[in-house]
Each structure stands twice: as C-alpha cells, then as structure tokens.
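S.K.: Structure of the sequence below:
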Amino acid sequence: MKAKEATYYRMPITNWPESERPREKLMQYGPMKLSETELLAIMIRSGAGGYSALDVARELLQKTGGLNKLAQMDYNDILQMEIKGLGKTKAVTIAAALQLARRLQIEESKTPDQVLRTSEEVARICSPKLRDLKKEIFMVLLLASNNRLIKEVIISEGVLNASVVTPREVFREAILGMAAAVILVHNHPSGNPEPSREDIRLTRQMVECGKTMNIPVLDHIIVAGDGYTSFSDRGLMTS
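M.R.: The predicted structure is shown next:
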C-alpha cells in the first residue's frame, strides 16, 4: 500500500503544514510513511517556476512509468526528459541514489568466499549489476578449483547488442587470475533472455578453447530483466 500523498501541488512546500512536508514527515514518522513521490522530492529538494519539488518528482515518475522504469535510467536519460525544475545537479543526485540502491542489492547477495554451484547462485550476484543496463556487458567469473569465486572481470562493453568478445581476452584473464574454471555472463538490454545464434556460437567456441587450455567453461548466463538463461541448464554448452 502506498503512503498517502499531500494534495498541495504547485504550492511552495514551505507554505505547507509542517506535518505534511516530506522532510519533516520522514524525521517524525520514518521513511515507510512516505510515498515514492515524497521520497524523490526529498532528493530533488526544490522546484522552480511555480513547481514544488513534489511536482517535479510526480512528473518524473509519470514520464518514466514508475520507480522500476526510473531505476533503469542513467544521468543522461533523466536529464533528457527536460522536466521543469530538474537540472544537472538533481539528475546527478537521482542517478547516484539509484546506483547506491543497486550496489546495496549486490552487497546483500554476496557472502564471504562465495562458492558458485548453480546457475541461480550466479544470477543472484550478477543480475543486480547487469539487468538495468542499456548497453551489453560481457564478463567472466574466475573460479578456483572448488568453484570459489576469485574475481569478476568485464571483458567487453558494447552498445545495445554490439559487444565483441574473443577467447584470447577471456582466457588471458583466466590465466592471469590463476583460475581453474570460468563462467561467462552477459546481459541482453532488450529484456529477452533467449540466446541468439551468435551467443550459442560464441559459447561453443569458448568451451572448445577452454578444453584446449584445461580451463573449463562451466556455464554461460544471460541476464535479461528479472530473468536469466543458463546454457548449462538448457544443454547448450556443446554441439
């Protein structure tokens, strides 16, 4: 249930009853009592030209389609909406807050000496990093002999499905990291987790190279939206 919002839009917040001002409400009642619009208004701080901070926050949520859609946007996306009262400084503040929320989710998914045995465990730590991005990221997880995660390495950053990856780059990182095995991970900004022909071809190429290098490729995970596809689970690791 959403918290009740004040109805004083287009009136300066300083003219509102103190108990209805977002900052004062949060201090008195806690953040759970505030709506998404009110929480955003606290970050926005002030409006402009007859717009209160709440007006700006409400228009931002309306134009984006809600908080989930806003979470997928970066600084430029927010600024390009050209919302009255929402300039560069406020766009930066919102983008930073969204990034902190993502990193918190990533931290919550981590455990000391993480051991990865299932595709679900891989998706749990990688999805928060990749699912909202508008460009394709290809990364490799380097594993020790007991499947303990050594480190994550970004191999390629593309622009909407234009990522370019070669076995040389992947296995150079594996050798430098003294990995016993690797897991490949990339995202589909389209939101469709189904592997493309190129994804399947690349995976099989990596698997063959891994056999030659004696560094097996255990899985390839595609992250898309709230879902994922595991090549291993789907039996797509070999021809």
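S.K.: what residue ranges in this structure score low on pLDDT?
M.R.: 1-19, 106-112, 159-163, 239 (pLDDT under 70).
S.K.: so what are the domain limits for it?
M.R.: Per automatic domain parsing, the structural domains of the chain span 13-106, 114-230.
S.K.: start to end distance for the longest one?
M.R.: Yep, that's domain 114-230 we're talking about. End-to-end distance for domain 114-230: 19 Å, by C-alpha to C-alpha, to the nearest Å.
S.K.: buried stuff in the helix or strand harbouring E152?
M.R.: Per DSSP states H and E, E152 falls inside strand 149-157. For strand 149-157, a neighbour-count test (16 or more other C-beta atoms under 10 Å) marks 149-150, 153, 155-156 as buried. Using the backbone N, CA and C atoms, a C-beta is placed for each residue, glycine as well.
S.K.: Could I get the buried residue list for the strand or helix carrying T212?
M.R.: In this assignment (DSSP H and E), T212 forms part of helix 197-213. By 16+ other C-beta under 10 Å, the buried positions in helix 197-213 come out as 199-200, 202-204, 206-207, 209-210.
S.K.: can you list contacts of the helix or strand just after that helix?
M.R.: Later in the chain than helix 197-213, the nearest helix or strand by DSSP H and E is strand 217-224. With contact meaning C-beta atoms under 8 Å, 6 or more residues apart in numbering, strand 217-224 is reached by 119, 122-123, 126-127, 130-131, 143, 147, 181-188, 190-195, 199, 203, 206-207, 210, 228-233, 236-237.
S.K.: Go ahead and measure how far strand 217-224 is from the middle of the chain.
M.R.: 17 Å (C-alpha atoms, centre = their mean, to the nearest Å).
S.K.: That one pairs with which strands, parallel or anti?
M.R.: Strand 217-224 has the following strand partners under DSSP bridges: strand 181-187 (parallel), strand 227-230 (antiparallel).
S.K.: Make a markdown table from the buried residues of strand 149-157 and add distance to P31 to it.
M.R.: Output for those, formatted as a markdown table (distance: C-beta to C-beta, whole Å):
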| residue | distance to P31 |
| --- | --- |
| L149 | 33 |
| I150 | 38 |
| V153 | 37 |
| I155 | 39 |
| S156 | 39 |
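S.K.: just curious, which of the residues you listed is nearest to F171?
M.R.: Distance to F171, by C-beta to C-beta, is smallest for I155 among the buried residues of strand 149-157, at 10.4 Å.
S.K.: Kindly list the longest helix within the chain.
M.R.: Longest helix of the chain, by residue count under DSSP state H: helix 88-109.
S.K.: for it, packing partners?
M.R.: In terms of contacts (3 or more C-beta pairs under 8 Å, 6 or more residues apart in numbering; DSSP states H and E), helix 88-109 is packed against helix 36-44, helix 75-80, helix 119-130.
S.K.: swap the cut-off to 10 Å and go again
M.R.: When contacts are defined as 3 or more C-beta pairs under 10 Å, 6 or more residues apart in numbering; DSSP states H and E, helix 88-109 packs onto helix 36-44, helix 53-64, helix 67-70, helix 75-80, helix 119-130.
S.K.: so how far is that helix off the chain centroid?
M.R.: 10 Å.
S.K.: next one: stretch 214-232
M.R.: Stretch 214-232 sits 17 Å away from the centroid of its parent chain (C-alpha atoms, centre = their mean).
S.K.: Ok, stretch 180-200 next?
M.R.: 16 Å.
S.K.: Kindly export that stretch (C-alpha atoms) in PDB.
M.R.: Extracted C-alpha coordinates of stretch 180-200, given in PDB (Å, rounded to 0.1, in the frame of the first residue of the first chain):
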ATOM      1  CA  ALA A 180      40.700 -23.300 -12.500                       C
ATOM      2  CA  ALA A 181      37.400 -22.700 -14.400                       C
ATOM      3  CA  VAL A 182      35.300 -19.800 -15.700                       C
ATOM      4  CA  ILE A 183      31.700 -18.900 -16.100                       C
ATOM      5  CA  LEU A 184      30.600 -16.500 -18.800                       C
ATOM      6  CA  VAL A 185      28.000 -13.800 -18.200                       C
ATOM      7  CA  HIS A 186      26.400 -11.200 -20.300                       C
ATOM      8  CA  ASN A 187      23.200  -9.200 -20.400                       C
ATOM      9  CA  HIS A 188      20.500  -8.600 -23.100                       C
ATOM     10  CA  PRO A 189      19.300  -5.000 -22.800                       C
ATOM     11  CA  SER A 190      16.200  -6.000 -24.900                       C
ATOM     12  CA  GLY A 191      14.900  -7.900 -21.800                       C
ATOM     13  CA  ASN A 192      14.700 -11.100 -23.800                       C
ATOM     14  CA  PRO A 193      16.800 -13.900 -22.100                       C
ATOM     15  CA  GLU A 194      16.800 -16.200 -25.100                       C
ATOM     16  CA  PRO A 195      20.300 -16.900 -26.600                       C
ATOM     17  CA  SER A 196      20.900 -15.700 -30.100                       C
ATOM     18  CA  ARG A 197      22.700 -17.800 -32.700                       C
ATOM     19  CA  GLU A 198      25.800 -15.700 -32.100                       C
ATOM     20  CA  ASP A 199      25.500 -16.300 -28.300                       C
ATOM     21  CA  ILE A 200      25.400 -20.100 -29.000                       C
END
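S.K.: Thank you, goodbye.
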